[in-house]
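>>> structure of the sequence below:
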Amino acid sequence: MTIVPPTPGEPRRPDGPRDPGDAWVVADDGTRYWGRFGAAGLLAVDARRGILLQHRVAWSHHGDTWGLPGGARHAGESACDAALRESAEEAGVPAGAVAPRLISVLDVGVWTYSTLVADVVQPFEPVISDPESRELAWVPIDLVDTYPLHPGFASSWPMLRGLLDVRPTLVVDAANVVGSVPDGWWRDRVGATERLFDRLETVTHDGLPAPLFGLPGETWFPEVLVVAEGAARGVADRDGLQVMRAGASGDDAIVAETERLRAAGRPVLVVTADRELRARVQAVGAEVAGVRSVLGAD
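The predicted structure is shown next:
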């Protein structure tokens, strides 16, 4: 593998000095990949309009094809942050306009390309903001295959398309998780549940490994449902989290909600160390995980 800087006329940052990541990675067989630290792109999904595609200018790598807005990652930059930054630079995607759902990674050994699949939560019109784009367009999902696609996107599109309707849910047994930390939760169950919410914010921001859900891909950003019972039902709502206040048995509420989600085709991961509850939710098709698998060490 060798690293080769771009030549005049090739991609570079439009607003200042070239970033160290703006270079070609050349494999031993001579194949060139853009991005010293890998690359990332955004697959923005609008429920009404389809997905956002970029028509690349003729002089670019695989020019005159359609693909995703994206580009080289910076040193130390996460795939999610890179995809959002690049799509803002290349297509004017506003901050907060999309909500991450999935990261899929193509790894060729010397280089990686990460696709961030994200749902549009604030509709926007894309804007051509650098010389690499001829056109930006919302393309209905059923018509994507009719476009001359960038080879890399063309190869990954069938798999990505199959995941567009997949929406996993993380169901958290709050009483069990809170009870696993000897921090005086028995004196203040509401406060202990709020501390659990703080820890779950990391999940909503960073996502979880795909194997925990039994799904393909690298990382999923699930909807998070916290089931609270007893005194903990007094906990206040928190943005980004759903709270179910169980009227009686928290375990029964978790099983019933898991059954409902599975019947709707939703992948479910239940976080609990309760052996009986684990067996009950597994019987209806859920994955299960312990506290440390999802939230790390205490």
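>>> model confidence for Asp15, exactly?
pLDDT recorded at Asp15 is 50.
>>> where in this protein is pLDDT low?
Residue ranges of the chain with pLDDT under 70: 1-17, 184, 297-298.
>>> mind telling me what element the residue nearest in space to the middle of it is part of?
Central residue of the chain (C-alpha atoms, centre = their mean): Leu102, 3.1 Å from the mean position. Leu102 is part of strand 98-107, with elements assigned from DSSP states H and E.
>>> quick revisit: my guess is the residue nearest to the centre of the chain contacts Gly217. True?
Yes - contact criterion C-beta atoms under 8 Å: Leu102 and Gly217 qualify, at 5.3 Å. For the C-beta atoms, the positions are set from N, CA and C on the backbone; glycine is no exception.
>>> in the stretch 51-200 of the chain, mark out all the strands, start to finish.
Using DSSP state E, counting those that start in this stretch, the strands of the stretch 51-200 of the chain run over residues 66-67, 70-72, 98-107, 112-120, 133-139, 169-173.
>>> adjacent strands (with direction) for the strand holding Leu102?
Strand 98-107 has the following strand partners under DSSP bridges: strand 112-120 (antiparallel), strand 219-220 (antiparallel).
>>> tally of neighbours for the closest residue to His74 other than its chain neighbours?
Nearest non-adjacent residue to His74, counting by C-beta to C-beta, 6 or more residues apart in numbering: Gly21, 5.0 Å away. Around Gly21 there are 20 other residues, counting by other C-beta atoms under 10 Å.
>>> identify the contacts common to Leu102 and Gly217.
Residues touching both Leu102 and Gly217 by C-beta atoms under 8 Å, 6 or more residues apart in numbering: Leu163.
>>> out of the strands of the stretch 51-200 of the chain, which comes closest to Thr146?
Nearest to Thr146 among those is strand 133-139 (8.8 Å), distances taken as C-beta to C-beta.
>>> distance between the strand holding Leu102 and the chain's centre?
Its chain's C-alpha centre and that of strand 98-107 lie 4 Å apart, by C-alpha atoms, centre = their mean, to the nearest Å.
>>> what's the separation between the residue lying closest to Ala236 once chain neighbours are set aside and Pro222?
Of all residues not flanking Ala236 in the chain, Glu194 sits nearest, at 7.5 Å (C-beta to C-beta, 6+ apart). For Glu194, the distance to Pro222 (C-beta to C-beta, to the nearest Å) stands at 21 Å.
>>> compare those two (neighbour count), which wins?
Using other C-beta under 10 Å as the criterion, Glu194 and Pro222 rank with Pro222 on top: 23 against 15.
>>> check contacts around that one.
167-170, 203, 207-208, 213, 269.
>>> circling back to that earlier point, doesn't Ala232 make contact with the residue nearest to Ala236?
No - if you go by C-beta under 8 Å, Glu194 and Ala232 don't touch, sitting 9.3 Å apart.
>>> in the sheet, who's paired with the residue nearest to the centre of the chain?
Val117, Trp220.
>>> who are the contact partners of the closest residue to Ser114 other than its chain neighbours?
Excluding the flanking residues, the one nearest Ser114 by C-beta to C-beta, 6+ apart is Ala79, at 3.5 Å. For Ala79, the contact set (C-beta under 8 Å, 6+ apart) comprises 38, 40, 73, 103, 105, 114, 116, 218.
>>> from those residues, pick the one nearest Gly296.
The closest of these to Gly296 turns out to be Glu218 (C-beta to C-beta; 18.0 Å).
>>> next SSE after the longest helix belonging to the chain?
Criterion DSSP state H: the longest helix present in the chain is helix 189-206. Next in sequence after helix 189-206, counting helices and strands by DSSP H and E, comes strand 208-209.
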